[in-house]
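*Asks:* A predicted structure for the sequence below; I have some questions about it.
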Amino acid sequence: DQQVKQNSPSLSVQEGRISILNCDYTNSMFDYFLWYKKYPAEGPTFLISISSIKDKNEDGRFTVFLNKSAKHLSLHIVPSQPGDSAVYFCAARMSGNQFYFGTGTSLTVIP
Amino acid sequence: DAGVIQSPRHEVTEMGQEVTLRCKPISGHNSLFWYRQTMMRGLELLIYFNNNVPIDDSGMPEDRFSAKMPNASFSTLKIQPSEPRDSAVYFCASSLGLATNEKLFFGSGTQLSVL
């Protein structure tokens, strides 16, 4: 049973435009959310996170939004660059517990 | 720091053979996780340890899978006997601990192919 869902397996965006990746979760006990980026033949690397006490966290071109009532978070990348082409995983956890990951969204940024 | 180190990077074996995947976590990290990546389930947690003690192994598919962490700097994931459906990328990850805001650091993974 997937507690974290990424319903879009892939996304294509023109360079310079905004990329929006979405993630839904089912467990209201999750209190920390993360996004990971994965290039082929490499392990996932941490990108950005947000605590459940916040609704937005920004780091350069990357912003994560959290809507607790909808159990939904999104990652915005502005402007998108070709180097952003990768698979993005959404993850969630409760303190003292495991990390639950989604199935990933493959982002392609077209030059 | 060298990061999480996994070996081998690639493993090709025949059905029925024993496979052992190895992981060295980041020094000072107290929690270690084994994940399997598949198209259908994404990153699926198999087992995780805290202070070398298994905390949750409910993700281990079946008795053919076993994991150990004999000390703070080494863990193994063993599949015996291996089957073609075990073919996947296996990731090891570590974190400082299990506090809410801890982040996972992943190794480069082991690409396992069972023929």
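*Replies:* Great, that's in hand. Numbers count the residues shown, from 1 in each chain, chains lettered A, B, ... in the order given.
*Asks:* name the element the closest residue to B:N52 other than its chain neighbours belongs to?
*Replies:* Distances taken as Cβ to Cβ, 6 or more residues apart in numbering or on different chains put B:M69 closest to B:N52, at 4.7 Å, once the chain neighbours are dropped. From N, CA and C alone the C-beta is placed, and that goes for glycine too. In this assignment (DSSP states H and E), B:M69 forms part of strand B:65-71.
*Asks:* likewise B:Y90?
*Replies:* strand B:88-95.
*Asks:* how about A:Q6, nearest residue that isn't a chain neighbour?
*Replies:* Nearest non-adjacent residue to A:Q6 (Cβ to Cβ, 6+ apart): A:G102, at 3.7 Å.
*Asks:* meant to ask about B:N101, not that
*Replies:* A:Y32 (6.0 Å).
*Asks:* any residues of chain A in contact with chain B? List them.
*Replies:* By Cβ under 8 Å from any Cβ of the partner chain, the residues of chain A that approach chain B are A:2, A:6, A:31-32, A:34, A:36, A:41-46, A:49, A:51, A:89, A:91, A:93-104.
*Asks:* are any of those residues buried, and if so which?
*Replies:* Using 16 or more other Cβ atoms under 10 Å in any protein chain shown as the burial test, these include A:6, A:31-32, A:34, A:36, A:43-44, A:49, A:89, A:91, A:93-94, A:97-104 as buried.
*Asks:* in chain A, which helix or strand is least confident?
*Replies:* strand A:99-101 (a mean of 91; mean pLDDT, DSSP states H and E).
*Asks:* hang on, the residue nearest to A:Q6 packs against A:Q3?
*Replies:* No. When contacts are counted by Cβ atoms under 8 Å, A:G102 is not listed as touching A:Q3 (9.2 Å).
*Asks:* the residue nearest the centre of chain B: what secondary structure?
*Replies:* For chain B, B:W34 is the residue whose C-alpha lies nearest the centre (Cα atoms, centre = their mean; 3.0 Å). At B:W34 the chain is in strand, as set by DSSP: H, G, I helix; E, B strand; the rest coil.
*Asks:* where does chain B have low pLDDT?
*Replies:* Along chain B, the model assigns pLDDT under 70 to residues B:1.
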